[in-house]
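Chemist: just the structure for this:
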Amino acid sequence: MPLGHHPILRVPEGVTGRVSMSPFRFGQVFPGVFENPAKGGYSLLEAAARFSSLESVPQIDGKWSDLSVYPAREGYEDLVLLASDPDLQFAWTALTLPEEHYVWFSLKDPRVLPATVLWMSNGGRHYAPWNGRHRRTIGLEEIAGNFHYGLADSAARNSLNRAGVATCVKLNPLKPLAVNYIMAVAEIPKGFDIVESILPSVDGKSILVRSKSGKTLSSELDLSFLSEGPIHS
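Modeler: Residues are numbered from 1 along each chain as shown. From the prediction side, this is the model:
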């Protein structure tokens, strides 16, 4: 079964969000036709392109996109997947909104949810029920799956699981599956631009969130929740 957590955030008008995440093995643009112009859907990123940095992703017009800045690419829908580093104690994804004075972030066990999907929806769907109205919206989705495909494509052999990225989990009727996940919001200090790192405290009861600009914040948070549950027993 493929599964995941699928929070979707909207960036307010006149505001710019900054997207960042923990180190990842590789990133890939959706390898198929995500949107079909003949049906009123438009994508701009180069299908199947692999990348190593959110700040440099190829477009179909030969230019490059910086996925760490959102919203961007007005009039397009794009989907990318990041393969998490399974050796991390925990993996994280963050959206910082400096003008709104807060950061949203999520934490996961990368051995349970081995990938992150970014669904960047900014007015590229002109067919019903979207009708070009779904804008400035981004899905920051932690998954075990083959992009947005369902059971058949995720359970079958595919380019991701051939690269060592699990795209489904095996369910056991005798052993319940726990998929623990944390998401949080915190007020950020003035000058906090984009999350560079999230580090645990020595006792695992809080985290330190550091920005590229050197500003920090701490938040009480029990990291042991990520590793609790039958899946680890």
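Chemist: right, and Asp222 touches Lys205 too?
Modeler: Yes. Using C-beta atoms under 8 Å, Asp222 and Lys205 qualify as a contacting pair, with a distance of 6.0 Å. All C-beta spots, glycine's among them, are computed from the backbone N, C-alpha and C.
Chemist: hang on, Leu160 is in a helix, isn't it?
Modeler: Yes. Assignment of Leu160 by DSSP: H, G, I helix; E, B strand; the rest coil places it within a helix.
Chemist: got a pLDDT number for it?
Modeler: We note a pLDDT of 96 for Leu160 in this prediction.
Chemist: I'd guessed it sits against Leu81; true?
Modeler: Yes. Using C-beta under 8 Å, Leu160 is in contact with Leu81, at 7.3 Å.
Chemist: joint contacts of these two?
Modeler: By the contact definition C-beta atoms under 8 Å, 6 or more residues apart in numbering, Leu160 and Leu81 are jointly contacted by Gln28, Ala115, Phe147.
Chemist: so which of those residues wins on neighbours?
Modeler: Within the shared contacts of Leu160 and Leu81, most neighbours by other C-beta atoms under 10 Å means Ala115, with 26 neighbours.
Chemist: now that residue, which residues is it bridged with?
Modeler: Beta bridges link Ala115 to Ala83, Ile143, judged by DSSP bridges.
Chemist: what is the mean pLDDT for stretch 188-205?
Modeler: Here stretch 188-205 scores 94 as its mean pLDDT.
Chemist: same question for stretch 209-225.
Modeler: Averaged across stretch 209-225, pLDDT comes to 94.
Chemist: where in the chain is pLDDT low?
Modeler: 229-233 (pLDDT under 70).
Chemist: hmm, 80 instead?
Modeler: Within the chain, the ranges that satisfy pLDDT under 80 run 228-233.
Chemist: need phi/psi at Ala152.
Modeler: Phi and psi for Ala152, reported as degrees, to the nearest 10, are phi -60, psi -50.
Chemist: from Arg210, how far out is it?
Modeler: 42 Å (C-beta to C-beta, to the nearest Å).
Chemist: so the two - more neighbours on which side?
Modeler: Each of Ala152 and Arg210 has its neighbours counted (other C-beta under 10 Å); Arg210 has more, 15 against 9.
Chemist: please name the bridge partners of that one.
Modeler: Bridge pairing for Arg210 - DSSP bridges - gives Ser197, Thr216.
Chemist: if I read this right, it contacts Val195, doesn't it?
Modeler: Yes. Look at Arg210 against Val195 with C-beta under 8 Å: they come within range, at 7.4 Å.
Chemist: list residues touching both of those two?
Modeler: With C-beta under 8 Å, 6+ apart, Arg210 and Val195 have no common neighbours.
Chemist: do a quick rundown of the helices in the chain.
Modeler: 151-155, 159-162 (DSSP state H).
Chemist: let me have those in CSV, adding distance to Gly40 as columns.
Modeler: Formatted as CSV, these follow (distance: least, C-beta to C-beta, whole Å):
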stretch, distance to Gly40
helix 151-155, 24
helix 159-162, 28
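Chemist: closest to Arg10 among the shared contacts of Leu160 and Leu81?
Modeler: Phe147 (21.9 Å; C-beta to C-beta).
Chemist: give the closest residue to Arg135 in space, chain neighbours not counted.
Modeler: Gly123 (4.4 Å; C-beta to C-beta, 6 or more residues apart in numbering).
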